[in-house]
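Trainee: Return atomic coordinates for the entry below.
(one chain, ligands or ions: 1)
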Amino acid sequence: MADVPAELLRRWDIRGIALDLDNTIVPWYSDALAPGVKEWAQMVLELDIRMCLLTNNYGAHAMGVARELKVPLVRGALKPLPAAYARCLRELQTDAHQTLSVGDQLFTDVLGAKLSGMRAVYVRPIAGRVLFTTRFLRMLERPVFARLRRAGVPGA
Ligand SMILES: [Mg+2]
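Mentor: Alright, predicted model coming up:
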């Protein structure tokens, strides 16, 4: 979560975070938080920023992670469709433009945020097993990242 430092959250005046689950803060279908996530979540709460887990997954492990982080959960979200982002904003009670989506996929986490008027930070996926649809979407991400690199976008 080094890509989402306190300094950025302050600069963008972020009040709420819609946080992806699989491959962002836990390996797919695991409830073991990646190193540093707990400390990052603590930092976010100390900045008085609300957080909501927003995942396309239906798995029970999502509930365990939400309990551990003590944040609400919106699951089965069908990202990038806007309905679940609206649910998430209701949970957070924040305006879209002050809400940040953090996730490891361009065509769900980032696209969905943009369709809903939210800011987005793409984070590199945690290595490990992925769902076949994720593998397919990652294939579609490749030319986009290549284009961003050619355009000189840092971190692409
Ligand atoms: Mg993900």
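
Trainee: ok, is the biggest helix by length in the chain in contact with the ion or not?
Mentor: Longest helix of the chain, by residue count under DSSP state H: helix 132-150. No. Helix 132-150 lies out of reach of the ion by Cβ under 5 Å from the ion, never closer than 7.1 Å. C-beta coordinates here come from the backbone N, C-alpha and C atoms, glycine included.

Trainee: Where does pLDDT dip in the protein?
Mentor: Along the chain, segments meeting pLDDT under 70 span 128-129.

Trainee: hmm, try it at 80
Mentor: For the chain, applying pLDDT under 80 flags the ranges 2, 29, 127-132, 154-156.

Trainee: For the ion, see how far away R90 is.
Mentor: Distance, R90 to the ion, by Cβ to the ion, to the nearest Å: 22 Å.

Trainee: nope, L115 is what I meant
Mentor: L115 is 17 Å from the ion, by Cβ to the ion.

Trainee: Next up, phi/psi of the residue nearest to that residue when sequence neighbours are not counted, please.
Mentor: Distance criterion Cβ to Cβ, 6 or more residues apart in numbering; nearest residue to L115, sequence neighbours excluded, is P82 at 5.5 Å. Main-chain dihedrals, P82, degrees, to the nearest 10: phi -70, psi -20.

Trainee: ok, P82 touching S116?
Mentor: Yes. Using Cβ atoms under 8 Å, P82 is in contact with S116, at 5.0 Å.

Trainee: Between the two, which has more neighbouring residues?
Mentor: Applying other Cβ atoms under 10 Å to P82 and S116 shows that S116 carries more neighbours, namely 22 against 17.

Trainee: can you pull the contacts of that one?
Mentor: Applying Cβ atoms under 8 Å, 6 or more residues apart in numbering to S116 gives the contacts P82, Y85, A86, L89, A96.

Trainee: I'd like the distance between the closest residue to G117 other than its chain neighbours and the ion.
Mentor: Spatially, and ignoring its direct neighbours in sequence, G117 is nearest to A96 (3.8 Å; Cβ to Cβ, 6+ apart). Distance from A96 to the ion, counting by Cβ to the ion: 20 Å.

Trainee: Could you number the chain from 750 rather than 1 from now on?
Mentor: In the new count, where the first residue is 750, that last one comes out as A845.

Trainee: Tell me how many other residues surround W777.
Mentor: When neighbours are defined as other Cβ under 10 Å, W777 has 17 of them.

Trainee: Provide the secondary structure category for it.
Mentor: Under the three-state scheme (DSSP: H, G, I helix; E, B strand; the rest coil), W777 adopts coil.
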